[in-house]
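Asker: Curious how this folds, go ahead:
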Amino acid sequence: MLTKRIIPCLDIKNGRTVKGINFLELKDAGDPVELALKYSLEGADELVFLDISATEERRKTLVQLVQKVAQTITIPFTVGGGISSVEDVELLLKNGADKISINSSAVKNPKLISEISKNFGSQCVVVAIDAKLINENWKVHLVGGKVATELDLFDWAKKVEELGAGEILFTSMNNDGTKNGFANEALAQLSKTVNLPIIASGGAGTLQHFEEAFSIGNADAALAASVFHYNEISIPNLKKYLKTAGIPVRIQ
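Answerer: Next up is the predicted model:
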C-alpha cells in the first residue's frame, strides 16, 4: 500500500512565507529557506512552494529562492506561481524543482498541461485547482482565488487528467485557513472522478482533520501551512498519530 504524504506549503510573497484566511488577510509566517529545512528534517514527505504574488503581478517565480530552498532540502519539491510556458518549467526544474504546479495558466491555456507533460513527463505536472462551493456547485477560481469562473471542479479535474496532469492539488476556498477540517466530501468525489493522486488542501486545524482527509476524503496527500508554520502541529507527532490511526505513513 502506498504511504500517505504530509506536505507543508510555503506561500511566498515578496520573498517571505505568508498565510491568510480564505485567501485573504495575509500575515508573515517566516523565512522560507529556514522553514523548508525545518520541515525536511522533521520528516515531511514533500514541500510545495507557491509564489502567490507571481500570477497576480505578472512576475516570474523567484528562481533564486527556489535554488536556495532546493540546496537546503533532501525531499521532493514542487514550485508554482507565474508559470505560463515550457521555458518557465525548464528554468525551475534546472534550478532544483522536482515538480511544477500550474493553476490559472492551465485554465487559460489547457494545452500547456500536455506540452509540459510531453516535454518533462506527467510525473512533474501538478495542476492546482482552487474551488469554492457556491449554491451546491464547486466552481473553479483563478489568480489566487480572485477571479471566479463557470468551470465545474469535477469536469475540470477530468479534463486535466486527459491532458496529461500527473497529480491534482485541490484547495477548498471555503475551508482555507479556517482550521475546521478539509472538504472531505468533495475530496472523496474527486478521487472517484479521476485516477490521479489528489493532494488535499485547505482547512487543516487538528490531527484528526488529517486522518479524516485520508479515511473519509480518500486523499493521497494532505497539505497544510499555518498549523506547521506556527508550530501548532509538529510533523513527527502528526505521523505518529496517523500511524496509530491505521493510516500508512513514512516514519523517519
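
Asker: where are the low-confidence patches of the stretch 51-200 of the chain?
Answerer: The model of the stretch 51-200 of the chain has pLDDT under 70 over residues 54-62.

Asker: Report the contact partners of the closest residue in space to Leu163 that isn't next to it in sequence.
Answerer: Nearest residue to Leu163 in three dimensions, chain neighbours excluded: Ile113, at 4.0 Å (Cβ to Cβ, 6 or more residues apart in numbering). The C-beta positions use only the backbone N, C-alpha and C, and glycine is treated the same way. Residues in contact with Ile113 (Cβ atoms under 8 Å, 6 or more residues apart in numbering) are Ile102, Ala106, Val125, Val127, Val160, Leu163, Gly164, Ala165.

Asker: In space, not sequence, find me the middle residue of this protein.
Answerer: Centroid-nearest residue in the chain: Leu169, 4.8 Å away (criterion: Cα atoms, centre = their mean).

Asker: That residue contacts Ser201, doesn't it?
Answerer: Yes. Here Leu169 reaches Ser201: they are 6.0 Å apart, a contact under Cβ atoms under 8 Å.

Asker: The contacts of Ile113: which two are farthest apart?
Answerer: Ile102 and Gly164 (11.8 Å; Cβ to Cβ).

Asker: joint contacts of those two?
Answerer: Shared contacts of Ile102 and Gly164, defined by Cβ under 8 Å, 6+ apart, comprise Ile113, Ile116, Val125.

Asker: Is the last one bridged to anything, and to what?
Answerer: Beta-bridge partners for Val125, by DSSP bridges, are Ile100.

Asker: quick one: contacts for Ala245?
Answerer: The contact partners of Ala245, by Cβ under 8 Å, 6+ apart, come to Glu211, Ser215.

Asker: Kindly recompute the last result at 6 Å.
Answerer: Glu211 (Cβ atoms under 6 Å, 6 or more residues apart in numbering).
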